[in-house]
Every structure is written in structure tokens, then in C-alpha cells.
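**Student:** Here you go, sequence then predicted model.
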Amino acid sequence: MTATAAGPGDSRAAQLRQTWRDPPGLWGFLTTVDHKRIAARYIVTTLFLLFLAGMLAMDMRLQLSAPGLHRMDPQLYNESFSLHGSTMLFLVSVPVMEAMALWLVPLMLGQRNMAFPRLAAFSYWLYLGGVLMLWLPHAVNITPDLGWFEYPPLSGPAYSPGHRADIWAQMITFTEVAALAASVNVAMTILKLRPPGMTLAKMPLFLWAMLVASLMTIFALPAVMLATSMLIADRLVSTHFFSPSGGGDALLFQHLFWFFGHPEVYIIFVPAVGFVSAIVETFARRPIFGYAAMVLSVLAIGILAFGLWVHHMFAVGLPRLGNDFYTAASMTIALPAGIQIFCWIATIWGGRPRLATPMLWVIGFIITFVIGGLSGVMTASAPLDLQLTDTYFIVAHFHYVLVGGAIFPLLGAFCYWYPKATGRLMSEKLGTLAFALIVGGFNLGFFPMHILGLWGMPRRVYTYPAGMGWGTLNLVATIGSAVAVVGGLVFVANALWSFWYGRRVGADPWGGPTLEWAARSPPPPHNFDLVLCVDSLTPLWKKELTAFDGLALDRREMLVTTVMEAEPIYRQNSVGPSIWPLMSALAVTLLFVGSIFTPWALVWGAVPVAIALTFWFWPTRARASTGPLGRRR
Amino acid sequence: MSSPESPRIIGSLADLPDSARGAAHLVWWGNLGFMLIEGTGFVLAVGCYLFLSSASAAWPPAGDPLPSLWWSSIFTLALIASEIPNLWVKRRSGEHDAAAVRLGVLAMTAIGLILLFLRACEIAALQPSWHQDAYASVMWMLVILHSSHIVTDWGDTLVQALWLHTHQIGDDQFADVEDNCNYWTFVVVAWLPLYAVIYWLPRFA
Ligand code: HEM
């Protein structure tokens, strides 16, 4: 957005660009605090890991395609699903949602950066540390092999010598600290950096979703960090948290783990609700139906998700009364999800829908997610859960929920905001082809697993005898997965091809209603020339946009507003590029890796961390002229 | 350039202040976010303690001594007392009193050092060792968890004192001092339930 033609607007834009741009070259790459650049590398990294973990999945599917195959041995199979599951959840699904928020939130708020720019950079570098923590040891054949949740006593010192379990536990620590840093940043940006007029009641649903997901992260993640730290302590300094012989209790690990693990599913799903709402609104070309109901249902999911944690504990025998309660709670979560689906359909129904690729993904999502939800309601009833737990029914269910409920909306979001990020449209033809292959292949691949599960095929087996009669459906499952993977490759090819050859577009190719569509495509380093004002949920669908000027041009400045009403309070100085987030992440990496081997790393490792953080936060101001340490002339 | 509408400018923000205090300030909220995370950590850690105690026939298990009250109580009293200078620094900082803030933050650094010493005495008196049984493990965990917060905040205060004595203090740094004071209050308040659980619960259970 600029003022018309030439004049003050252009020089303002040029000056701001100068103020907010990064240093050139590698130094700029390492020191940037531009939320768009950080988010972009976050997203690219997660997509690359999605590819790697997908390759592992294909390997497993090949192994299962016919009975009695021995191309993988049991150990390799164990490693494969552990690495696949851990990567998909901890290194792909959660971080990619954080990354989308880092990219979108400031743009949707009409802001120039996140509330804490260096924290965003730190979050990425630490996440990268987690990626390397898991995959570098894998390269030298030290791969965690106990699944994506490593229960003691199996993961304890007695049964898991060596460092496989430590690596898993420390990978969690890395990624959770990174996710916590990102979540605080996202939540506070949404609360304090809203544009004038964007009261809580005029906040786009995507921002509501990200706010709730961030708060859920803040409350859920400490549990798993505590659990993995206790596990490492048991393994390293012989504490007895989980060892019954010393009065500990292995169930404690499960409780802590699921206090995080259940909300985790919704931490992944809630941002997807935000994507879908944004896409539906734009492509139905009308404001979302039932805004208040949508906000309430997102909040309800946030709260219920914690209550649900014990439902994962059915199989370990909780008191009767508890069981009934949690069965009821698990079913209740279907209610807010149902309300959301109803509102989206009503919006599409009452609008003038357009079936571009982002919208196709929404439809694929709704269908797939409803199937996953139904199988979820089935397992939420405690008696049936006992029957089906640890069969392929569960594998089918959680892939429907995770892939259908999170990855499909994510791909839709990718297509939707791609032109904003690159200034070019993705090819609709290739996009439709990728959509058909992925959604079709996925359903072909995973639907049969429900039946396999009902027939009793257990999960986490590296092969099965021919006599069980599971061969045909497994072959179908493998073919379906292969089709989906080919679709994924088409999707990536489309993104790459369009980056150079896609049709160039302006600021708002889809006619979107929210502020990010008022910025240039791709947005300049400072995003917006002026501070835009908002007085409805769909500001860009009005005749005229209004704005404030008056933020500094020669310094990085942002507007801070009140939490409820978004009234301007003051102009906040925003920090520039710095190498110290990277240095701090390196220091923390040293500490985390060291603490696998010796508890003293917590002591000595803290010194470089303290030094790096001191440089990070050291304010640059004039020297004092008084006092014993002042500088006198 | 490529804008759907050119916005109409309806005013200027140039007259707004360039800093704020307390909950109006952005950094206050960041601080709150981290207190929420750590507070959740404390609550869950206490949850672990209670879970393990309820699973055990005797608490502390037979053969383990009751936790010693001497150093832990001295530490606790000193910790509570440190709130007096802490709140004073916070108030002076709100009034942008540079001399008082420089002095106060330095004093808080010294007080932190004393508290660290008292905490070290408390830890030296912790019985039995963490690898004895689950009771000892979880007791040590709570104490170490809390100690790490004291160490971090002490480090932060030390650096802040250094900076304040060598630089001209601006509005944002006064706000930082306030935030550091708030964080200290969090560390103090977080300890009280921990103290009750670690040292008194086994006496009544
Ligand atoms: C085309 C894509 C995918 C295929 C073919 C696939 C295939 C598989 C297979 C074969 C297993 C092992 C099942 C077993 O032996 O028990 C598995 C497990 C798993 N997958 Fe996927 N998967 C895909 C995508 C995803 C995605 C996108 C996610 C998450 C967002 C995911 C999360 C998991 C998890 C959490 C496990 C459980 C690991 C464990 O048992 O510890 N998968 N998947």
C-alpha cells in the first residue's frame, strides 16, 4: 500500500526500505530478524523434513506391501517408524504451524515485525539444532527406536543402554524450547501489536486460532520437557522417577507425556482451523458465517483438549468413574469441531464460491477430517478403545486426523498465501493434479487400514504371515501411499516452477479481505508504509482504507496498542539484525548435547549461554557521565 | 504501487510517547509469557511430587530422614525479606530515579549472592542423596528447579547492575528494571508452595 503515484509516498517507502533491510550476503542471512525470512527458512526446513519422513514411510510401506518380506529387519523397522513419527510430529507439524504464524501474524496485523524479533530468530536456530540432534546421529546409525513416545521402563537405563533414547529426549528439549519461544512471541504480538480499531471482536479467526494454539503450547509443552528431563536424569544420574524398584512410577511418565500429547494434536489442528476460515471467507466471497460461534468453539477446543489427556490412559486402567467422564469429554470435543464445520459449510453455501486450489484443499480437508473424526469418536468410547488400541485402526485414525486435519489445510494455506510471498501465482493445473493425487492416494492408502485394524492387524510390526489374509489390503495401502507421494512431488515441482515462471500478480490476487493483502507482493522489508486502521472483520472489502502516519522513517519503530480495544499507546523501538540469537542457540546446543554425557554440562555449559544472552540484550546507549564507572571528559 | 486502495491518512502517531510502563509496555507481556511457562513447570513438578507420594506407602519412605528445616527456613525467611528492597527498587524505577535504581540493583545483586549462599547450605543439608529413592529424586528436582531460577535471575541482575552503572538510563531500561523486579517476585512467590510441599508435607502426611 502506498500513497498515490509519486511524491511523499514513494520517498517514504524508499526510506523505510532502507531502514528495515538486512545487511547483504551471508552476514545478512545469519543476523536477520525479518520475520518473513525467518519464517521462510522455517517452512522450507519443515517441508524438507516432511519429504525425508515421507521417504521413510514409503520404505515401511514397501516392506508391508506383501506378507513375509524380509527386506527390513525388526530393528530397522522400529527405527523407521520411530524416526518417521518423531519427525512428523516434533519437526514438521508443530514447527510448520509456528512458522506460518511467524510469517502471517505481523502481515495480518499490518505490522512491521514480531513483538520480539530476535526471539523469532533464536527459535529457528534452536529448532534447527533439534533437527540435527535427531538426524545427524541417524546418519551414523544411532537412531531412536522406541516409537514417537518413548515410555519407560523401556527407555530407562536398564533396557536402553547407549544413547538412542537420550537423543530422542534431547531432540524434544530443543524443539520444545524453540516452540515455546515462538509461542510467547506469537501470543504477545497478537495481544499487543494489533492495528488501531482491531478490537478482540474484530480480530480475524486466523489470529484467534494462533492465539489459542500459542497459549495451549505455553501450558502443554512444559509437561513433556519435564518428562524428558526426568528421563535423562534417570539415565544419567540414577534418579528413580520412573523406576519402581526405587519407589518411582513409570506411569508418571505417561501422565506427563499425554498432558502434552493430547493437546498437541489440537495445537496442530487449531491453526488449521485458522487457515480454513481464511480461505473459506475469501473464496466464498462473504464474511464467515457465525464468527462468534467460531471463536467460542476454538476456545472450547483449547480448554477441552487438556481435559482429554486421561483418555489416552484408558488402556492402563484408571478408576471407573474417571473413564466415564473422559469418554464423555472426548465425545464433547466433536461438538465444537462440528460447529466449525457447520459454519464453514454455511459460509460456502451462502456465498459465491470459487473453486481455486486453496478451496479444493478445504473440501479435501472437510471430507477427510470427518472420516477421521468418526473413527475418533469410535475409539473415544472406552470399551472399544481397549479392543482397537495398538491396531492399524489407530494408525488409520491418527493419519486421517493429522494428514487430513492439518497437512491438507496447510497445503491449501500454502497455495493461498504463495502469491503474497512470491508475487506469483502457482499453476492451477499442476495444483489440481497434485490435489487429486494426494487426496486420492491418501484415501486409497489409509482407508483400508481401518479394515486391517478391525481384522486385528497390530501396529508396529515389521511383517506378517501370509495366512492372515492381510496381503491384498496392505498392497492397496502401499499403492495408495505411493500415489500420494507422487502427488507431493508434483506439489513441490509446482511451487518451484511457479517461483520463476508463475503469472505475476498484484497485492490482492484473490480479493482477500484481511490486511496482509494490502501489502505489496512480495512485501518489502518493512511490510507496510503506513499504520493501517481497521473497523470491521473484512477491512479490505470496504470502499476506503484509512491509516496513520508518524512512525519514524529512519529508525525501526512499531505501534503498541491496548490488549482489548487496540487503542494506540506508544511507539516501540524495534531491534535490528544481530548475530547473538544464533550465538545463543549455539551455546544452548552445546549445553543440551553435553548434558547427554555429563551433568556438569549444565554448569559449565551455562557460561557461554550467559555470555551470549548478555550480548543479545545489552542495550546500546550513551555512556554514563556520573558515578565511579561513568566516563568523564 | 499494487494496492487495491490507497489509504487515506487520518492522523499521525508522531505525538505518542516512545515508551511506556508496566502492563502497557510490550516487554512486560513477554516477561509474563515466560512466567506462565515456568509457573506451569513448577505446578507440574509439584504434581509429580504429589503423584509419587501418593503411590508410596510411607512418605518419606522408611529409612529416609525428614527434610531438615534449619537452612531451608533461614533461606525462606531471607528470600521473603528480599522482597522489601526489591519492591523499593521497582517503585524507584517507576519514578525514573536513576541514582536510587543504580544503588538498588547493585544491592539486589549482593542480596542475591547471600541467598545463593544460603541455598547452597540448604542443598548441602538435603538428605538422602537423589539416587537413594524416588522421594529423594523428586525432592532434589524441586530444589534444583527453583535454584536454577535464582541463579538465572541473579545473573540477569548482575548484568543489569553493570549496565546501569556505565550507561545513561533511558525509559526502556527503567522498564527493564521493573520487569526484572517482577520476575524476582515471581521467583519468591513460586518458592513458598515448594517450601511447604518439600519441608512440611512429609511432616503431616
Ligand atoms: C503419505 C504419507 C504417510 C505415510 C505413507 C505414512 C505411513 C506410516 C507408517 C507405515 C507408519 C508405521 C505404522 C506402524 O507400523 O505402526 C506410520 C506411523 C506414524 N505416522 Fe505416518 N505416514 C505418512 C504421513 C504422516 C504424517 C504427515 C504424519 C504427521 C503429521 C504422520 C505421523 C505418524 C506417526 C505419529 C506415526 C506413529 C509412529 C509410532 O508408532 O511411534 N505420518 N506412518
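**Tutor:** Great, that's in hand. Since the model is a prediction, treat every value here as computed from it, not as a measurement.

**Student:** same for the helix ranked longest in chain B, what does it pack against?
**Tutor:** Across chain B, the longest stretch assigned as helix under DSSP state H is helix B:134-166. Judged by 3 or more CB pairs under 8 Å, 6 or more residues apart in numbering or on different chains; DSSP states H and E, the packing partners of helix B:134-166 are helix A:205-237, helix A:606-617, helix B:26-55, helix B:98-124, helix B:171-195. Just so you know, the C-beta spots here come from the backbone N, C-alpha and C atoms, and that holds for glycine as well.

**Student:** mind redoing it with 6 Å?
**Tutor:** helix B:26-55, helix B:98-124, helix B:171-195 (3 or more CB pairs under 6 Å, 6 or more residues apart in numbering or on different chains; DSSP states H and E).

**Student:** Distance from the chain centre to that helix, please.
**Tutor:** With CA atoms, centre = their mean, to the nearest Å as the basis, helix B:134-166 stands 8 Å off its chain's centre.

**Student:** Check which residues of that helix are buried.
**Tutor:** For helix B:134-166, burial by neighbour count (16 or more other CB atoms under 10 Å in any protein chain shown) applies to B:134-143, B:145-147, B:149-166.

**Student:** Check stretch A:27-46 too.
**Tutor:** A:30-43, A:45-46.

**Student:** which residue does chain B bring closest to the ligand?
**Tutor:** residue B:44 (23.3 Å; CB to the nearest ligand atom).

**Student:** out of the buried residues of helix B:134-166, which touch the ligand?
**Tutor:** Residues of the buried residues of helix B:134-166 in contact with the ligand (CB under 6 Å from any ligand atom): none.

**Student:** count of residues packed around residue A:398?
**Tutor:** Residue A:398 has 20 neighbours, counted by other CB atoms under 10 Å in any protein chain shown.

**Student:** swap that for residue A:193, please
**Tutor:** What residue A:193 shows, counting by other CB under 10 Å, is a neighbour count of 25.

**Student:** And it, its phi and psi?
**Tutor:** phi -120, psi 30 (degrees, to the nearest 10).

**Student:** how about the most centrally placed residue in chain B, what does it touch?
**Tutor:** Residue closest to the mean C-alpha point of chain B, counted by CA atoms, centre = their mean, is residue B:187 at 2.3 Å. Contacts for residue B:187 were tallied using CB atoms under 6 Å, 6 or more residues apart in numbering or on different chains; they are B:149, B:153.

**Student:** at 8 Å instead, please
**Tutor:** Neighbour list for residue B:187: B:146, B:149, B:150, B:153 [criterion: CB atoms under 8 Å, 6 or more residues apart in numbering or on different chains].

**Student:** Report pLDDT for the second one.
**Tutor:** At residue B:149, the model reports a pLDDT of 95.

**Student:** Return the residues in contact with it.
**Tutor:** By CB under 8 Å, 6+ apart, the neighbours of residue B:149 are B:38, B:187, B:190.

**Student:** re the thing from before, any chance of the helices and strands packed on helix B:134-166 in JSON lines, with distance to residue A:176 and mean pLDDT too?
**Tutor:** Formatted as JSON lines, these follow (distance: least, CB to CB, whole Å; pLDDT from 0 to 100):
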{"stretch": "helix B:26-55", "distance to residue A:176": "10", "mean pLDDT": "93"}
{"stretch": "helix B:98-124", "distance to residue A:176": "27", "mean pLDDT": "96"}
{"stretch": "helix B:171-195", "distance to residue A:176": "20", "mean pLDDT": "95"}
